[in-house]
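A.B. asks: predicted structure and sequence below. I'll ask about it afterward.
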Amino acid sequence: YFMTIPEACQLVLEAGFMGNGGEIFVFDMGKPVRIADMAVNMIKLSGLEPGKDIKIEYTGLRPGEKLYEELLSAEEKIQPTHHEKIKIAKVDRKDYKTEVLNVIASLRNVYGLSDVEVVDFFELLVPEYKSAKQALNGSLEKKN
């Protein structure tokens, strides 16, 4: 998908005004554009010949790149807004509290992990998770 920076900024600002808190906005970005087709068109628009004047080199995917961008999962539905290019994703929110508490109990009872070891386990499992211990260590390192 390709959008100009002004287009993207306009949609973000409009969605921000629509928000009541907690919504997940999905933008209509138009039709997918194949990079190879775009490269060929740009070369031709420059008055040159693809493959002859300018070689197109296929380098493969870089880390984080995808061949297909899936904006919503099969379980997610979209709700229209007054703006034709802005939709709201409707996600069924699960309450994972009971499940997480059961996992913690299993880690303690079955595997004999201490509270510190349980926290360490979650830090490994969810790299984005920052425990109070990590936050404290980070602030101490900045002071030194």
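C.D. replies: Alright, I've got the coordinates. Residues are numbered from 1 along each chain as shown.
A.B. asks: could you check the pLDDT of the residue nearest the centre of the chain?
C.D. replies: Nearest to the mean C-alpha position of the chain, by CA atoms, centre = their mean, lies residue 71 at 9.2 Å. Note on residue 71: pLDDT of 77.
A.B. asks: next one: residue 128
C.D. replies: pLDDT, residue 128: 78.
A.B. asks: what strand or helix carries it?
C.D. replies: Using DSSP states H and E, residue 128 sits in no helix or strand.
A.B. asks: where's residue 100, which helix or strand?
C.D. replies: Per DSSP H and E: helix 97-109 holds residue 100.
A.B. asks: with just CA atoms, put that helix into PDB.
C.D. replies: Output of helix 97-109 as PDB, limited to C-alpha atoms (Å, rounded to 0.1, in the frame of the first residue of the first chain):
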ATOM      1  CA  LYS A  97      -6.700 -12.800  34.100                       C
ATOM      2  CA  THR A  98      -8.000 -16.300  35.200                       C
ATOM      3  CA  GLU A  99      -5.800 -18.000  32.600                       C
ATOM      4  CA  VAL A 100      -2.700 -16.100  33.600                       C
ATOM      5  CA  LEU A 101      -3.300 -16.800  37.300                       C
ATOM      6  CA  ASN A 102      -3.600 -20.500  36.500                       C
ATOM      7  CA  VAL A 103      -0.300 -20.400  34.600                       C
ATOM      8  CA  ILE A 104       1.400 -18.600  37.600                       C
ATOM      9  CA  ALA A 105      -0.100 -21.200  40.000                       C
ATOM     10  CA  SER A 106       1.300 -24.000  37.800                       C
ATOM     11  CA  LEU A 107       4.700 -22.400  37.600                       C
ATOM     12  CA  ARG A 108       4.800 -22.200  41.300                       C
ATOM     13  CA  ASN A 109       3.200 -25.500  42.300                       C
END
